[in-house]
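>>> Have a look at this prediction, sequence included:
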Amino acid sequence: MMSKLHGSTNTHFCGNLKLGKKIFSIASALFLFSIAGIASAQTFDIGEFMVKNASMENQNAEITGARPGDVLKYELKIAGAQDLLPELDVSGVERWAEFINTGGGDLSAGMLAYPAFSGDRDFSFFVRVNRDARAGEYILAYFGDQELRVRIAGLSDSGPNGLLVGIFILVILMGYVFLTHRRENA
């Protein structure tokens, strides 16, 4: 009776082992095919990944930076793609800017995804730097291993204070001229 129990357990175990080997073989084959598909889908050339400051005559924003209220245009040019689904990590953009136009991409959870395509294609999207963006911080965007860094510059401090100083100097100068002219006439 004991050996019969062991025999049925062994048969059951061996049957599960054969089934497990088949499942493992199928899963391994699917994994290898998916890796081959991903590798072939990822062969492409990034022509350009750049950001321009539209508020400063489309100058390179990585060099000029951006001030609160400025509009930035991000451009991505891809060549030779095969079934590519472009996704950009824009979580660092969302932190300091609001999207004006996604250029046909879907924005979700810090990622901007465009529809799959083959061949050559240009993508662009626009953002406006928030009014409360802190000077010295960076607006960051990533595509693959490429990064765009735009430094947020502070607003000009020469506004009304500079005007008041100018008026004060002008009043002092006019008073001096008036007093000098009055002394000469006396």
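Thanks, I have the structure now. Residues are numbered from 1 along each chain as shown.
>>> Helix or strand: which one has residue 173?
Assigned by DSSP states H and E, residue 173 belongs to helix 160-185.
>>> Show me what that helix is packed up against.
Under the contact criterion of 3 or more C-beta pairs under 8 Å, 6 or more residues apart in numbering; DSSP states H and E, helix 160-185 touches no helix or strand at all. Where C-beta positions appear, they are placed from N, C-alpha and C, glycine not excepted.
>>> any idea which helix or strand of the chain has the worst average confidence?
helix 2-41 (a mean of 52; mean pLDDT, DSSP states H and E).
>>> same for the helix or strand following it, what does it pack against?
On the C-terminal side of helix 2-41, the closest following helix or strand by DSSP H and E is strand 45-53. For strand 45-53, the packing partners by 3+ C-beta pairs under 8 Å, 6+ apart come out as strand 59-60, helix 61-64, strand 71-84, strand 138-143, strand 146-151.
>>> Touching, residue 44 and residue 81? I think so.
Yes: with contact taken as C-beta atoms under 8 Å, residue 44 and residue 81 are classed as touching, separated by 4.0 Å.
>>> Would you tell me which of the helices and strands packed on strand 45-53 gets closest to residue 180?
Relative to residue 180, the nearest member of the helices and strands packed on strand 45-53 by C-beta to C-beta is helix 61-64, separated by 46.8 Å.
>>> And the closest one, what does it pack against?
On the basis of 3+ C-beta pairs under 8 Å, 6+ apart, helix 61-64 makes packing contacts with strand 45-53, strand 146-151.
>>> Please identify the buried residues of it?
With burial defined by 16 or more other C-beta atoms under 10 Å, the residues of helix 61-64 counted as buried are 61-62, 64.
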